[in-house]
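# just the structure for this:
(chains A and B)
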Amino acid sequence: GDSVTQMEGPVTLSEEAFLTINCTYTATGYPSLFWYVQYPGEGLQLLLKATKADDKGSNKGFEATYRKETTSFHLEKGSVQVSDSAVYFCALRGTQGGSEKLVFGKGTKLTVNP
Amino acid sequence: DAGITQSPRHKVTETGTPVTLRCHQTENHRYMYWYRQDPGHGLRLIHYSYGVKDTDKGEVSDGYSVSRSKTEDFLLTLESATSSQTSVYFCAISPGLGGVGELFFGEGSRLTVL
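Model (predicted):
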């Protein structure tokens, strides 16, 4: 079945550092890909998405490019802030049966220190 | 913010007792989902609904049942709670994941089974 693998955390960075969180997927066809963010004590919220190969999703300075050839959707940000401290989840929506469900990775906790 | 309310937000119960968690939405969205979040496992789908009285199982449905008698309410029931069901439960809603659809999450219900 469909699955998502993302780098294990936790990740600790200093403010203004460059961030990369790796995400790879296994799915048949052409899934849609998502990054969700969970701030402490809250539910998840959509950060960005990409629905076809070579699409780049972007929001709040974060970017991720849908790479079909490497089955990847890595999250990047050029200069992180303390307020970016959160748990980040990569997710996919498949194209086969059950396409109204999202499959999530295990999450990567990011802590940004001043 | 998406109009999603989960209740109760916190509950402590004993093994063997029944527990019902409620998800209420004001968005009139078709799809509703129950996920559980556990350290090291990310989010895992328990059950979801695609309309009134229309539900289907997710990847970790054993020990859980759901009901949706009205568009706005989606109930998750643990018939006889076990310690392995200690978790944070999230409800999510969606108008549909096609096109610009995304999941909107509630704030979670923390359940502790002693």
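
# quick check: the residue in chain A that chain B sits nearest to vs residue B:109, distance?
Closest to chain B within chain A is residue A:43: 3.3 Å, counting by CB to the nearest CB. Quick note: C-beta positions are derived from backbone N, CA and C, even for glycine. Distance check for residue A:43 against residue B:109: by CB to CB, to the nearest Å, it reads 10 Å.

# need the overlap of contacts for these two.
Residues touching both residue A:43 and residue B:109 (CB atoms under 8 Å, 6 or more residues apart in numbering or on different chains) are residue B:90.

# show me what contacts residue B:83?
Residue B:83 neighbours (CB under 8 Å, 6+ apart): B:15, B:113-114.

# sheet-wise, list the partners of the lowest-mean-pLDDT helix or strand in chain A with their directions.
Of all helical and strand segments in chain A, the minimum by mean pLDDT, DSSP states H and E falls on strand A:102-104, at a mean of 89. Sheet pairing of strand A:102-104 (DSSP bridges) gives strand A:86-93 (antiparallel).

# residues from chain A in reach of chain B?
Chain A comes close to chain B at residues A:32, A:34, A:36, A:41-46, A:49, A:89, A:93, A:99-107, as judged by CB under 8 Å from any CB of the partner chain.

# of those, buried ones?
By neighbour count, with 16 or more other CB atoms under 10 Å in any protein chain shown, the residues of chain A next to chain B hold A:32, A:34, A:36, A:43-46, A:49, A:89, A:93, A:100-107 as buried.

# for residue 11, list each beta-bridge partner.
In the absence of a named chain, chain A is used. With DSSP bridges applied, residue A:11 shows beta-bridge pairing to residue A:110.

# that's the other chain; I wanted chain B
As for beta bridges, residue B:11 partners with residue B:111 under DSSP bridges.

# swap in the one 10 residues further on?
With DSSP bridges applied, the residues forming beta bridges to residue B:21 are residue B:76.

# swap in the one 4 residues further on?
For residue B:25, the residues forming beta bridges with it (DSSP bridges) are residue B:4.

# give me the longest strand you can find in chain B.
Using DSSP state E, we find that the single longest strand of chain B is strand B:42-51.

# determine how far that strand lies from the middle of the whole chain.
In terms of CA atoms, centre = their mean, to the nearest Å, the centre of strand B:42-51 is found 7 Å from the chain centre.

# pretty sure residue B:51 sits against residue B:30.
Yes: in terms of CB atoms under 8 Å, residue B:51 counts as a neighbour of residue B:30; the distance is 6.0 Å.

# which one's more surrounded, those two?
residue B:30 (17 against 11; other CB atoms under 10 Å in any protein chain shown).
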